[in-house]
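Undergrad: Give me a 3D structure for the following:
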Amino acid sequence: MLVANGSRRRTPGGVFLALFKANPDVSQAAKVCIFSGYRPRAW
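TA: Alright, predicted model coming up:
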């Protein structure tokens, strides 16, 4: 599975997170609860 711009492949963890975020069976409240403290790295 490629990243959004297609420049490289996702890591296994990145594939899991992308599929999890896109899954309509997981409620929005659950996603907010899990990712509430998430801050992407600033490379």
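Undergrad: What residues of the lengthiest helix in the chain count as buried?
TA: If you go by DSSP state H, the chain has its longest helix at helix 12-22. By 16 or more other Cβ atoms under 10 Å, helix 12-22 has no buried positions at all. Using the backbone N, CA and C atoms, a C-beta is placed for each residue, glycine as well.
Undergrad: Okay, angle between the very next helix or strand once past that helix and helix 12-22 too, please.
TA: Heading C-terminal from helix 12-22, the first helix or strand you meet, by DSSP states H and E, is helix 28-35. Here helix 28-35 points in a direction 150 degrees away from that of helix 12-22 (axes from the mean of the first three to the mean of the last three Cα atoms, to 10 degrees).
Undergrad: As PDB, could you dump the C-alpha coordinates of helix 28-35?
TA: Taking C-alpha atoms only, helix 28-35 is exported to PDB below (Å, rounded to 0.1, in the frame of the first residue of the first chain):
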ATOM      1  CA  GLN A  28     -15.900   8.300  15.100                       C
ATOM      2  CA  ALA A  29     -15.900   8.500  18.900                       C
ATOM      3  CA  ALA A  30     -13.600   5.500  19.100                       C
ATOM      4  CA  LYS A  31     -11.200   7.000  16.600                       C
ATOM      5  CA  VAL A  32     -11.200  10.300  18.500                       C
ATOM      6  CA  CYS A  33     -10.500   8.500  21.700                       C
ATOM      7  CA  ILE A  34      -7.600   6.500  20.300                       C
ATOM      8  CA  PHE A  35      -6.000   9.400  18.300                       C
END
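Undergrad: just to revisit the earlier point, now the longest helix of the chain: average pLDDT?
TA: What helix 12-22 shows for mean pLDDT is 92.
Undergrad: Any idea how far it is from the middle of the chain?
TA: Between the centre of helix 12-22 and the centre of its chain there are 5 Å (Cα atoms, centre = their mean, to the nearest Å).
Undergrad: Okay then, goodbye and thanks.
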